[in-house]
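Visitor: Predicted structure and sequence below. I'll ask about it afterward.
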Amino acid sequence: MAQRVRKAVLPVAGLGTRFLPATKAMAKEMLTVVDRPLIQYAVEECLAAGIEEFVFVTGRNKGAIEDHFDHAYELEATLAQRGNKQAELKQAEQATIKPGNAIFTRQQKPLGLGHAVWCAKPWIGREPFAVLLPDELMVGTPTCTAQLVAASETTGGSVVAVVEVPREQTKSYGIAAIKGEKNGLAEITGLVEKPRPEEAPSNWALIGRYVLEPEVFDHLDRHETGAGGEIQLTDALAKMIGGKPFHAMRYSGGRYDCGNRLGFLEANVAVALGRADTAGETRALLERLLKG
Ligand code: UTP
């Protein structure tokens, strides 16, 4: 039987250059969609998939992430004293992780996503684990990570989430060559990071959600650089083809690339429109703005 997925790696050490100047002194993952930072959505996505242990791979200027999941003692004490702030107190308390269940390790130099994941190796050990890139916001139930975990239990190996992208966009993604798609799952036969459209083996793009077998660390150990001179996760994954089962899962829920300005704006509008407590007012606001 496949080993249960208990741990997630959240690489958050990137520089966020596409979102400057917002990310000059602040972590991209602390950018807020409606009322919670991106990193909280990623943690909640894991919890909904039964994952309770987290390895955050952080870097300089990312201290707020660690603070966000801790108790905010002064805030909580003040809210508790005010009789009418119970809902707010609950919101603040909800953004914590169980004691002992989070590890924060530093990547020190942003050498690439593959290197960031490798930094989590001592904390993962030899068991399957999830990787979530928190700047990709996934919306929907069951969550993308829950779907991946279920798929990995069926296939007994690694599974990565993919969507079809327009061919001219392949150079922004890891791209998978696949065969034999059945019930949204297809075997991966090739993987290439950021190929030019004319060289891409398909338009199936990896979107920042993975359930991986620990063998990936054996390949990341070599620290080989790839596209852009970075240590690429996709290159290590490509070396896993032919080993344990390795599948792509077609993801069809909501997905917003919050690493760029327009995707982030879209996420805010879409999430606000999708929530019962904000939908009506947001719709009215948009209508008013569009009327000019
Ligand atoms: P991105 O490709 O979005 O890079 O990384 P970035 O640096 O965050 O942003 P831009 O492109 O400069 O605007 C995808 C994910 O991998 C993490 C990022 O934090 C993000 O979650 N990452 C990337 C690392 O943790 N370390 C790295 O060296 C590179």
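Guide: The structure has been received and is ready for your questions.

Visitor: Any idea how far apart the tips of stretch 251-268 sit?
Guide: End-to-end distance of stretch 251-268: 21 Å, with C-alpha to C-alpha, to the nearest Å as the criterion.

Visitor: Quick check: which ranges of the stretch 1-150 of the chain have low pLDDT?
Guide: Confidence mapping of the stretch 1-150 of the chain against pLDDT under 70 gives the ranges 1, 92, 95.

Visitor: where do the helices sit along it?
Guide: 38-48, 63-68, 73-81, 86-94, 113-118, 121-124, 144-155 (DSSP state H, counting those that start in this stretch).

Visitor: which residue sits closest to residue 59, ignoring its sequence neighbours?
Guide: residue 13 (3.6 Å; C-beta to C-beta, 6 or more residues apart in numbering). (C-beta placed from N, C-alpha, C; glycine too.)

Visitor: residue contacts, that neighbour?
Guide: Going by C-beta atoms under 8 Å, 6 or more residues apart in numbering, residue 13 touches 57-59, 62, 106-107, 110, 116.

Visitor: same thing but at 10 Å, please
Guide: Residue 13 makes contacts with 27, 29, 56-62, 105-113, 115-116, 119, as judged by C-beta atoms under 10 Å, 6 or more residues apart in numbering.

Visitor: among those residues, which are within reach of the ligand?
Guide: 57, 107, 110-113, 115-116 (C-beta under 6 Å from any ligand atom).

Visitor: If we only consider those, which is nearest to residue 237?
Guide: Distance ranking of the ones next to the ligand among the contacts of residue 13 against residue 237, using C-beta to C-beta, places residue 113 first at 10.6 Å.

Visitor: That closest one: what's it in contact with?
Guide: Residue 113 makes contact with 11, 13-14, 57, 107, 131, 133, 174, 193, 208, 230-234, 236, according to C-beta under 10 Å, 6+ apart.

Visitor: hmm, 7 Å instead?
Guide: If a contact means C-beta atoms under 7 Å, 6 or more residues apart in numbering, then residue 113 has 11, 232-233 as its contacts.

Visitor: Run through these and flag the ones next to the ligand.
Guide: When the contacts of residue 113 are checked against the ligand using C-beta under 6 Å from any ligand atom, the ones in range are residue 11.

Visitor: so of the contacts of residue 113, which ones are in strands?
Guide: Per DSSP state E, strands hold the following members of the contacts of residue 113: residue 11.

Visitor: ok, so of the contacts of residue 113, who is nearest the ligand?
Guide: Sorting the contacts of residue 113 by distance to the ligand puts residue 11 at the head of the list, at 3.4 Å, by C-beta to the nearest ligand atom.

Visitor: Go ahead and confirm the closest one touches residue 57.
Guide: Yes: counting by C-beta atoms under 7 Å, residue 57 is a contact partner of residue 11 at 4.6 Å.

Visitor: ok, the two, which is more surrounded?
Guide: The residue with more neighbours, out of residue 11 and residue 57 and counting by other C-beta atoms under 10 Å, is residue 11; that gives 29 against 25.
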